[in-house]
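K.L.:
Pasting the sequence and the predicted model now:
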Amino acid sequence: MAPMAPMNERERTEWVSGKAREAGFDLCGVAPASRFPELERMTEWLERGHAGEMRYLHDPRRLSLDRAMEGAKSVIVCAASYRTAEPLSTEVLASPDTARPRGWISRYGWGDDYHDVMLPRLRILLNAMREEFGEEFRAHAYVDTGPVVERVAAKYAGLGWLAKNTCLINQKMGSFLFLGAIVTTLAFEPTLGPAEAPPPDLCGSCRRCIDACPTQAFVEPYVMDPRRCIAYFTIELRTSIPEEFRPAMGQMVFGCDICQDVCPWNQKAARTGESTLGRIPEFRPRVILPPSGADTPVRAPLSPLREESTARNDCASETAEASRSLFAPEIEWIASLDEEEYRRVFRRSPVKRAKYRGLIRNACVALGNSGPGLEPEARERIVKLLERLAASPDELIAEHARWALDRLNGQVAAKGL
Ligand code: SF4
Ligand code: SF4
């Protein structure tokens, strides 16, 4: 049999997109590994000090893909939706539970660590490329793990636009997307033709995300200052959360979804079923069994219906002693975790990035913000818990617990940011 003719660049792009779908990705596109204008503007953003404690953002290799890999010709960008069926933070927190206040873990933190889900899928793709393409080439897969700004590459691979809330939005699937990239020295035909512009910016005159941000983190449309962002405070910051921002943090214990939850493109995707509604089971909320139960967390059942999902949460509340979900968990449960239980609950979870003391610190702030509508019994319980935490040998936890007690007692008012 005559050997098959090698694929041309266009055929390679079609082939890799098909393989990406087989590997479980919802979207795939290819961009040339060129210098993207957004990356060139990054220096100014860094000079303004917006990176805060995130020193890795200063890595000069992030400024262009050819700095990340010498001789790079293409970047293959893949996306997987984590828009599960559960309601949005704006819906859940709009009617607070005054008996058992609920906190919010950012949607991306409900399931398994996305690195552990995305990277093996990218490696499947990479191995298939090595088997399929006879020639020698270099390639490396990244999921937030190296000097590649995936969302910028995703724009030039035709996956969406960079929105005013700084996320990549796909017109059909919204912005709850995990992104991964393979940078390679192989040449592919870019998904966008030479005369084709990236997908248009469909934010228009909307500014819901900017107006809804509780800490006014957007210094202007498309520019966010992480040093004002709840996600930065609750995940990246290792020290004390600036007091002026604590009241505005509300019930957020890990991250914040508000600027995505208010976005009409996410609401539209959910309503029309354009998103895959958490098709990858590892992204669905973990249900944590008591220590005597299974060691591995189980998953909330897959349901595209919000009503069922809400009912499931009510049901979880009734059986709170039996199991806990990472979807809108009770703040008292989070604040009461000891280190061993924390490690068990958040094994291979994105929430581990906050570290134990960071998460308890965040839960103290959320408890401080849980008044004034609390039922007397709940208030008494929470005060006792905070008094215990205020006696913690860890001054970071103790100080935030003292602040929360003062706030519950009305001695700390919300300051207008
Ligand atoms: S994640 Fe929350 S705090 Fe951060 S910019 Fe968005 S709305 Fe503001
Ligand atoms: S809320 Fe409006 S302005 Fe913000 S990202 Fe969505 S469409 Fe754009």
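P.N.:
The structure has been received and is ready for your questions. Note that the structure is a prediction, hence the values are computed from the model and not measured. Ligands and ions are numbered 1, 2, ... in the order given.
K.L.:
if I look at residue 119, how far off is residue 189?
P.N.:
26 Å (CB to CB, to the nearest Å). In short, each C-beta sits where N, CA and C put it, glycine included.
K.L.:
no wait, residue 333
P.N.:
Distance from residue 333 to residue 189, by CB to CB: 52 Å.
K.L.:
now do residue 250
P.N.:
On the measure of CB to CB, residue 250 and residue 189 end up 47 Å apart.
K.L.:
Look at the two and report which has more neighbours.
P.N.:
residue 250 (21 against 17; other CB atoms under 10 Å).
K.L.:
give me the low-pLDDT residue ranges for the stretch 151-300 of the chain?
P.N.:
292-300 (pLDDT under 70).
K.L.:
which SS state does residue 234 fall under?
P.N.:
The three-state assignment at residue 234 reads helix, by DSSP: H, G, I helix; E, B strand; the rest coil.
K.L.:
Could you pull up the contacting residues of it?
P.N.:
Residues in contact with residue 234 (CB atoms under 8 Å, 6 or more residues apart in numbering) are 241, 249, 252, 253, 254, 255, 256, 354, 358, 362.
K.L.:
wait, the fifth one sits on residue 354?
P.N.:
What that stands for is residue 254. Yes - counting by CB atoms under 8 Å, residue 254 touches residue 354, with 5.7 Å between them.
K.L.:
out of these two, which sits in the busier spot?
P.N.:
residue 254 (29 against 24).
K.L.:
quick one: the residue lying closest to the more buried one once chain neighbours are set aside and residue 349, what's the gap?
P.N.:
Nearest residue to residue 254, sequence neighbours excluded (CB to CB, 6 or more residues apart in numbering): residue 105, at 4.5 Å. Noted for residue 105: a distance of 9 Å to residue 349, by CB to CB.
K.L.:
cool, residue 76 as well?
P.N.:
Distance from residue 76 to residue 349, by CB to CB: 27 Å.
K.L.:
Can you pick out the residue with more neighbours from those two?
P.N.:
residue 76 (30 against 19).
K.L.:
does that one count as helix, strand or coil?
P.N.:
strand.
K.L.:
Give the burial count for residue 58, as a bare number.
P.N.:
11.
K.L.:
Let me know the pLDDT of it.
P.N.:
You'll see residue 58 listed with a pLDDT of 70.
K.L.:
what's the answer for residue 115, then?
P.N.:
95.
K.L.:
What are the buried residues along the helix or strand it falls within?
P.N.:
Here residue 115, judged by DSSP states H and E, is contained in helix 114-132. The neighbour-count check on helix 114-132 (16 or more other CB atoms under 10 Å) flags 114, 115, 117, 118, 119, 121, 122, 124, 125, 126, 128, 129 as buried.
K.L.:
re the thing from before, mark which of the contacts of residue 234 are part of helices, please.
P.N.:
358, 362 (DSSP state H).
K.L.:
just the contacts of residue 234 now: which is nearest ligand 2?
P.N.:
The closest of the contacts of residue 234 to ligand 2 turns out to be residue 256 (CB to the nearest ligand atom; 14.2 Å).
K.L.:
from memory that closest one sits against residue 228, does it?
P.N.:
No - assessed by CB under 8 Å, residue 256 is found out of contact with residue 228, at 11.2 Å.
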